[in-house]
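Enquirer: From the sequence below, what's the structure:
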Amino acid sequence: MGTSWSARIVAPPEGIALKIQAELDRVVAEMSHWAPDSTLSRFNRSEPGRWQPLPIGFAKVLAAAMEVAEKSDGAFDPAMGALVDLWGFGPPGPRIGLPGDAEVADACARSGRSHIELDGRRARRDAPVRLDLSGIAKGHGVDRVAEMLRSMALPDFLVEVGGELRGEGIRPDGQPWWVDFESLPSSPLASFRVALHGLSVATSGDYRRSFAHEGRDYAHTLDPRTGRPLENGVASVTVLHPSCMLADAWATALTVLGPDGMALAEREGLAAHMAAREGTGFMEHLSPALQGML
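Expert: Prediction:
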């Protein structure tokens, strides 16, 4: 996944780190768009129109991704592999210069969830689009580790993969797992501290990964509707949810939607925090669900 993981577990058994690594390795083997032999990479090379069997975890993630895509009216899209590669964020690596309008239009034509059909534990594509689950698979990895720990009768833990976290149970001192929202660089906004007791937290931010061209920064988050990096001023979005997979996906979707997306967060009952740049400062947006928790 191109990142690190950590876990704090009450009374951890011997060898637990190896078990966690093995579980995350299975997620990578299923959903990595960097590994050429992953299930996802093989799906992306499959013949259009031919049904492909999927592992249970892969099918679950794809179903969730398609649902968030539908509810967000395409602000989140799991079939953006061509666009991700075009802008230099995929396996081909960084590019020199910006793509032209014709290149963007071509990549858009080779992208989009409308070309993916899912039927239980099988899926197919009706055009040569490529899945990219990087906006949801990391959160799923957190959930997979959490579910594994719970199955081992380890109810008290805090699991983190690349900054996405899930906390269950309590610490040895009887306290919940307190975590701070990620601070926004160069921002005067105060951080929030929350208790992850049966909750996950995921953050999407334009400061995490970007590239510069002619003195301008371009965020790694792409708008599936335009095929281009975001220009809506959103600096970060943090979502709290029982499922880290869904927190991960919704954080990306709300980032793309911008401040107008907070109405969707309210309709979906999402606990969400958004920081958007306005002039030389920042504006905060908190969903009613998050305000209620605080």
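Enquirer: Quick one: distance of stretch 83-97 to the chain centre.
Expert: What separates the centre of stretch 83-97 from the centre of its chain is 18 Å, taken as C-alpha atoms, centre = their mean, to the nearest Å.
Enquirer: Next, the buried residues of that stretch.
Expert: Buried positions in stretch 83-97, judged by neighbour count with 16 or more other C-beta atoms under 10 Å: 83, 84, 85, 86, 87, 88, 89, 90. Backbone N, C-alpha and C define where each C-beta goes, glycine included.
Enquirer: Please name the residues that touch the fifth one.
Expert: If I follow you right, that is residue 87. By C-beta atoms under 8 Å, 6 or more residues apart in numbering, the contact list for residue 87 reads 95, 99, 218, 220, 222, 229.
Enquirer: Other residues contacting stretch 136-151?
Expert: 1, 3, 5, 7, 9, 19-20, 23-24, 26-27, 31-32, 57, 60-61, 64-65, 68, 78, 155, 157, 159-162, 164-166, 168, 200, 202, 243-249, 252.
Enquirer: Among these, name the ones in helices.
Expert: Counting by DSSP state H, the members of the contacts of stretch 136-151 that fall within helices are 19-20, 23-24, 26-27, 31, 57, 60-61, 64-65, 68, 244-249, 252.
Enquirer: Number of residues surrounding residue 24?
Expert: With neighbours defined by other C-beta atoms under 10 Å, the count for residue 24 comes to 19.
Enquirer: change the start of the numbering to 5 and stick with it
Expert: All right, first residue 5 from here; so that's residue 28.
Enquirer: Quick check: the gap between the residue lying closest to residue 206 once chain neighbours are set aside and residue 269.
Expert: Spatially, and ignoring its direct neighbours in sequence, residue 206 is nearest to residue 251 (3.9 Å; C-beta to C-beta, 6 or more residues apart in numbering). Here residue 251 is placed at a distance of 12 Å from residue 269 (C-beta to C-beta, to the nearest Å).
Enquirer: repeat for residue 43
Expert: When residue 43 is compared with residue 269 (using C-beta to C-beta), they lie 32 Å apart.
Enquirer: Next: residue 66.
Expert: Between residue 66 and residue 269 the distance, using C-beta to C-beta, works out to 23 Å.
Enquirer: Please report the distance of the closest residue to residue 200 other than its chain neighbours from residue 163.
Expert: Nearest-residue entry for residue 200: residue 171, 2.8 Å, with adjacent residues in sequence omitted and distances by C-beta to C-beta, 6+ apart. Here residue 171 is placed at a distance of 8 Å from residue 163 (C-beta to C-beta).
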